[in-house]
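K.L.:
Quick one, structure for this:
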Amino acid sequence: MISIIIPLHNLGKNGDYCLKKCLDSIIAQTYTDFEVLLMENGSTDDTVDVAKEYCMQDNRFKLFILEKIGVSNARNHGISAAAGEYITFVDGDDYISEDFLESASSLFLSSDVDIIFLPWSFYYQNNNKVKNILSFSSSKVIERPKEDNKKITSFVCAKIIKSSIIKNSLLFSTDMVTAEDSLFMTEAYFKAKKIGFVHHGGGYYYTQNRKGQTTIKISIKKVNNLYSLIEKYRVIYKNYNVLNENEKILENLTVSFFVGDKFSQTDISKLSLSDLKSFLLQHKDEIIKLNIDEFNCKKWQKVWLKRIQYFTLKNKAHYFIKFMRIYRNILPKFLRKKFYD
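P.N.:
Coordinates of the predicted model:
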C-alpha cells in the first residue's frame with residue numbers, strides 16, 4: 001500500500017477549491033491500493049468541509065485535525081500515521097495524472113527500490129497550460145550515486161519513498177521557513193541504496209498562479225534561513241561521508257546567495273537597509289573567512305564576493321549591496337562590463 005500525505009491549509013473557498021481538483025486526481029488513480037492522509041492545519045475557510053466530503057465518499061481518505069500550524073508539522077504527523085510500505089507527498093493545490101502511482105508500481109514491485117523519482121511539470125492555472133520541468137530519458141533502477149543531485153532532490157513531491165528509510169528516523173525541519181523539503185529529500189536520498197526513475201506517465205503537476213497561493217516574502221528570517229541552509233547541507237554531507245563529493249554544491253549555494261547570475265535578483269539584495277545591516281553584522285565573521293579564491297565560479301563573481309568581504313570588514317557592506325542592486329538594474333550592460341573584470 002502507498003500512503004499519500006496531503007497538508008491542508010485554506011484550499012477550499014479561499015483557494016478557489018483547488019483541493020477538489022487534487023483529490024479528484026487521486027480518486028482517479030488506476031493503481032488503487034493506497035490511503036490518503038489529509039493533514040488539516042489551521043484553515044479558516046471551508047477546507048475541512050471539503051475534506052470531510054471526500055472522507056465520506058471513500059474510506060481510503062482519513063482526516064487529521066492538527067493543533068500546530070505548518071507544512072512541516074503536517075507532513076511529520078502524516079509520516080507517523082502512515083500505514084503504507086511506501087509514502088508519497090502531494091500538495092493540496094497540485095494534482096497528479098491518473099497513472100502516477102501505477103507508473104511507479106512496476107519498479108517497487110519488481111525491485112527493492114528505496115525512492116522513485118517521477119516527472120513533474122508546472123501547471124499555470126491562469127491560462128490552463130502545462131510546462132514540463134523535469135523528466136527522465138528512461139525508466140530504470142540504479143545504485144544511488146555518492147554525490148547529491150540537486151536537480152532531483154530539491155522537491156519532495158513527485159517522489160515515492162519506502163517508509164522504512166524515513167519512518168522513525170527522518171523528519172521535516174520545523175524551524176525552516178523555506179527549503180525544508182530539500183533538506184528532507186537530500187537526507188532521504190543518502191539513506192537510499194537503490195533509486196528508480198519513471199520515464200513515461202506518472203506526471204505530477206505543480207500549480208502556479210493560483211488564487212490565494214501562499215508566497216514567502218523576502219524577510220530577515222527567510223534570508224537567515226537560506227544562509228543557514230548551506231551549513232545544514234554541510235552537516236548532512238558530513239554525516240553520510242560525502243562532503244568531498246558535494247563541496248561544489250556548497251560553493252555554488254554560497255556564490256548564488258551573494259552574487260547570483262543576476263546580482264539584483266538575489267534575496268539578500270532585496271532586504272531593507274536595516275535588515276541587511278543586521279544580517280551582515282550577525283554573519284560578519286563567517287563572511288570574512290570565506291575562502292573565495294578556491295571557489296569554482298566565474299571571475300566576476302569572485303571579484304564581487306571579495307568586495308563584499310572588504311566592505312563587510314568595514315561594516316559598510318549594507319550600503320554597498322544596496323548600491324549594487326541599483327547599479328545592476330539601471331546601468332547599461334556595456335557600462336557594467338568593466339566592473340566584472
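K.L.:
where exactly do the strands run in this protein?
P.N.:
In the chain, the strands defined using DSSP state E lie at 2-8, 34-40, 61-65, 86-89, 95-96, 115-117, 120-124, 129-134, 140-143, 159-162, 194-197, 204-208.
K.L.:
Point out where the chain drops to low pLDDT.
P.N.:
The chain contains residues with pLDDT under 70 at 210-216, 262-265, 327-341.
K.L.:
Where is the longest helix in it?
P.N.:
For the chain, the longest helix by residue count, based on DSSP state H, is helix 220-239.
K.L.:
coming back round to it: out of the strands of the chain, the one nearest Asn244 is which?
P.N.:
strand 140-143 (18.9 Å; CB to CB). Backbone N, C-alpha and C define where each C-beta goes, glycine included.
K.L.:
what sits against Ile4?
P.N.:
By CB atoms under 8 Å, 6 or more residues apart in numbering, the contact set of Ile4 is 26, 34-37, 87-90.
K.L.:
most neighbours, which of those residues?
P.N.:
Phe89 (27 neighbours; other CB atoms under 10 Å).
K.L.:
that older thread, using a markdown table, lay out the strands of the chain together with distance to His318.
P.N.:
Compiled in a markdown table, the strands of the chain are given as follows (distance: least, CB to CB, whole Å):
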| stretch | distance to His318 |
| --- | --- |
| strand 2-8 | 36 |
| strand 34-40 | 40 |
| strand 61-65 | 44 |
| strand 86-89 | 38 |
| strand 95-96 | 43 |
| strand 115-117 | 41 |
| strand 120-124 | 35 |
| strand 129-134 | 35 |
| strand 140-143 | 47 |
| strand 159-162 | 40 |
| strand 194-197 | 43 |
| strand 204-208 | 33 |
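K.L.:
Compare the ones you listed and report which one is nearest to Cys22.
P.N.:
The nearest among those, by CB to CB, is strand 95-96 at 5.0 Å.
K.L.:
ok, that closest one: who's next to it in the sheet?
P.N.:
Paired with strand 95-96 in the same sheet, following DSSP bridges, are strand 204-208 (antiparallel).
K.L.:
Distance from stretch 194-203 to the middle of the chain?
P.N.:
With CA atoms, centre = their mean, to the nearest Å as the basis, stretch 194-203 stands 19 Å off its chain's centre.
K.L.:
go on, stretch 229-245?
P.N.:
17 Å.
K.L.:
Can you tell me what sits against stretch 179-187?
P.N.:
Residues contacting stretch 179-187 (CB under 8 Å, 6+ apart): 71-72, 89, 148, 150, 153-157, 159, 170-174, 176, 225-226, 229, 232-233, 236, 240.
K.L.:
Likewise for stretch 276-295?
P.N.:
220, 223-224, 227, 251, 254-255, 268, 271, 301-302, 305-306, 308-309, 312-313, 315, 317-318, 321-322.
K.L.:
Helices along the chain, start to end?
P.N.:
Using DSSP H, helices in the chain cover 18-27, 47-57, 71-81, 100-110, 150-153, 180-191, 220-239, 247-259, 273-282, 284-289, 299-313, 317-330, 333-340.
K.L.:
Please tabulate these in CSV, including the columns distance to Lys140.
P.N.:
Output for the helices of the chain, formatted as CSV (distance: least, CB to CB, whole Å):
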stretch, distance to Lys140
helix 18-27, 26
helix 47-57, 35
helix 71-81, 27
helix 100-110, 9
helix 150-153, 13
helix 180-191, 16
helix 220-239, 25
helix 247-259, 24
helix 273-282, 44
helix 284-289, 41
helix 299-313, 36
helix 317-330, 43
helix 333-340, 42
